[in-house]
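**Student:** no FASTA, just this:
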């Protein structure tokens with residue numbers, strides 16, 4: 001009798017293990033800002049996090065201080081803008097991501113962000129958690145499927161492999177520009193892709209098209225920067241048997257691949273197995289917008305970006321111009337203006353910009369590159 005009970009318990013245990021290995025959780029995501037935003041629970045409280053393969057550690061904003069337990073451990077980090085800071089770890093009793101429970105997890109705490117606060121984003125999910133699972137990322141229908149980290153679904157077997165590695169918590173995509181192979185960070189926490197100036201110097205003899213834009217930010221004195229940025233399209237780029245017509249911003253910092261490259265595509269990602277597959281063999285990226293963007297600063301709307309030789313540029317719009325109304329609407333804070341721009345970016349309707357001298361500039365959404 002005792003041996004039968006032991007056998008039944010053993011079979012039940014095996015059944016649980018098999019069930020755990022076969023799980024696949026579908027997680028719908030929001031795609032505001034061109035980023036992947038998913039729900040995750042800390043101590044039973046749901047938060048909205050960015051799914052960010054470019055982050056080595058998960059990070060939460062100011063709520064962490066009040067809701068999680070402080071630890072004595074800290075970590076010195078360098079941000080994408082090269083700013084160094086020391087962040088403290090906090091721990092929670094439980095972290096739940098879909099059906100998975102993650103134990104003994106520590107999260108770094110940092111300050112709130114204006115733009116993330118506008119979209120109710122509570123933190124960033126880094127590869128410390130992402131690497132514990134395998135993922136299908138459907139950018140077209142906006143959902144993730146989470147699998148066990150040693151499981152390869154049938155759909156991935158029908159996809160095309162990208163030249164990929166994962167070392168030191170940094171996932172890398174290798175792209176070939178002519179005879180030059182260059183490593184890019186796979187960064188699902190970025191909207192667009194960048195190419196590092198020193199790597200661009202290696203391949204600038206290749207045929208490509210480019211556009212310039214005046215795109216900046218307000219410094220600590222409140223002055224608007226007037227720096228130019230360069231946007232480039234290279235064709236073709238290859239990675240294994242995949243052909244890519246990709247668009248990159250010239251960067252003084254690093255190489256990265258943002259979500260814009262995978263628009264309407266599906267990826268399968270396994271960090272620990274160092275595998276990345278893509279559904280479409282030929283990838284053609286393009287950017288289509290109004291050639292300008294706006295920011296709310298010191299109780300006024302201003303032009304923060306304008307693409308050189310775009311329709312906005314040809315009609316006289318310049319970086320730093322004061323804006324009275326957009327489509328007849330006035331805005332009184334950063335969030336309302338930012339969310340209006342995000343909603344407008346997904347439409348094809350014309351936009352009317354009214355300057356403070358009552359000049360109207362009417363713009364159509366057009367392909368930039």
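**Tutor:** Structure's in. What do you need? Remember, it's a predicted structure, so these values are computed and weren't measured experimentally.
**Student:** Now find how far off-centre the host helix or strand of residue 184 is within its chain.
**Tutor:** Assessed by DSSP states H and E, residue 184 sits inside strand 180-186. Using CA atoms, centre = their mean, to the nearest Å, the distance from the centre of strand 180-186 to the centre of the chain it belongs to is 17 Å.
**Student:** Please name every helix or strand in contact with the next helix or strand after it.
**Tutor:** With elements assigned by DSSP H and E, the helix or strand that comes after strand 180-186 is strand 194-196. Strand 194-196 sits against strand 242-251, with contacts defined as 3 or more CB pairs under 8 Å, 6 or more residues apart in numbering; DSSP states H and E. For glycine as for every other residue, the C-beta is placed from the backbone atoms N, C-alpha and C.
**Student:** ok so, going back, for the strand holding residue 184, which strands pair with it and how are they oriented?
**Tutor:** Using DSSP bridges, strand 180-186 pairs in its sheet with strand 170-177 (antiparallel), strand 256-257 (parallel).
**Student:** Can you tell me which of those strands is most buried?
**Tutor:** strand 256-257 (a mean of 25; mean count of other CB atoms under 10 Å).
**Student:** neighbouring contacts of that one?
**Tutor:** With contacts defined as CB atoms under 8 Å, 6 or more residues apart in numbering, strand 256-257 is touched by 54, 173, 184, 185, 186, 187, 190, 193, 194.
**Student:** Also stretch 261-269?
**Tutor:** When contacts are defined by CB under 8 Å, 6+ apart, stretch 261-269 is touched by residues 53, 134-140, 152-153, 155-156, 159, 171, 186, 193, 244, 246-247, 275-280, 283, 285.
**Student:** on that earlier part again, in a markdown table, list the contacts of strand 256-257 along with pLDDT and distance to residue 83.
**Tutor:** Formatted as a markdown table, those follow (pLDDT from 0 to 100; distance: CB to CB, whole Å):
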| residue | pLDDT | distance to residue 83 |
| --- | --- | --- |
| 54 | 96 | 16 |
| 173 | 98 | 26 |
| 184 | 98 | 22 |
| 185 | 98 | 18 |
| 186 | 98 | 23 |
| 187 | 98 | 18 |
| 190 | 96 | 17 |
| 193 | 97 | 22 |
| 194 | 97 | 17 |
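**Student:** quick one: which of those is most hemmed in?
**Tutor:** Greatest neighbour count in the contacts of strand 256-257, by other CB atoms under 10 Å, goes to residue 186: 26 neighbours.
**Student:** Once you drop chain neighbours, what's closest to it?
**Tutor:** residue 171 (4.2 Å; CB to CB, 6 or more residues apart in numbering).
**Student:** So that neighbour sits against residue 53, correct?
**Tutor:** Yes - look at residue 171 against residue 53 with CB atoms under 8 Å: they come within range, at 5.2 Å.
**Student:** Overlap in contacts, those two.
**Tutor:** In contact with both residue 171 and residue 53: 127, 186, 269, 271, using CB under 8 Å, 6+ apart.
**Student:** In strands, which of those fall?
**Tutor:** 186, 269 (DSSP state E).
**Student:** Need the shared contacts of residue 171 and residue 53 in TSV (columns: distance to residue 317).
**Tutor:** What follows is those, written out as TSV (distance: CB to CB, whole Å):
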residue	distance to residue 317
127	40
186	35
269	40
271	43
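**Student:** Number of residues surrounding residue 142?
**Tutor:** The tally of other residues near residue 142 (other CB under 10 Å) stands at 13.
**Student:** Next, the angle strand 170-177 makes with the lengthiest strand in the chain.
**Tutor:** Taking DSSP E as the criterion, the chain has its longest strand at strand 228-239. Comparing the axes of strand 228-239 and strand 170-177 via axes from the mean of the first three to the mean of the last three CA atoms, to 10 degrees yields an angle of 80 degrees.
**Student:** residue ranges for the helices of the stretch 251-369 of the chain, please.
**Tutor:** 311-314, 334-345 (DSSP state H, counting those that start in this stretch).
**Student:** just those: most buried one?
**Tutor:** helix 311-314 (a mean of 18).
**Student:** Check for me that residue 88 belongs to a strand.
**Tutor:** Yes - Residue 88: assigned to a strand according to DSSP: H, G, I helix; E, B strand; the rest coil.
**Student:** Give me the distance between residue 138 and residue 286.
**Tutor:** Taking CB to CB, to the nearest Å as the measure, residue 138 falls 20 Å from residue 286.
**Student:** And those two? Which one has more around it.
**Tutor:** Shown here are residue 138 and residue 286; by other CB under 10 Å, residue 138 has more neighbours (18 against 12).
**Student:** what secondary structure does residue 150 sit in?
**Tutor:** Going by three-state DSSP: residue 150 is coil.
**Student:** re the thing from before, pick the one among the contacts of strand 256-257 closest to residue 238.
**Tutor:** Nearest to residue 238, judged by CB to CB, of those is residue 173 at 11.7 Å.
**Student:** The closest one against residue 181, yeah?
**Tutor:** No - distance between residue 173 and residue 181: 10.7 Å, which falls outside the contact criterion (CB under 8 Å).
**Student:** Now the common contact residues for those two.
**Tutor:** Counting by CB under 8 Å, 6+ apart, the residues touching both residue 173 and residue 181 are residue 163.
**Student:** before we move on, back to that, between the strand holding residue 184 and strand 242-251, what angle do the directions make?
**Tutor:** Computed by the same axes, to 10 degrees, the angle between strand 180-186 and strand 242-251 is 80 degrees.
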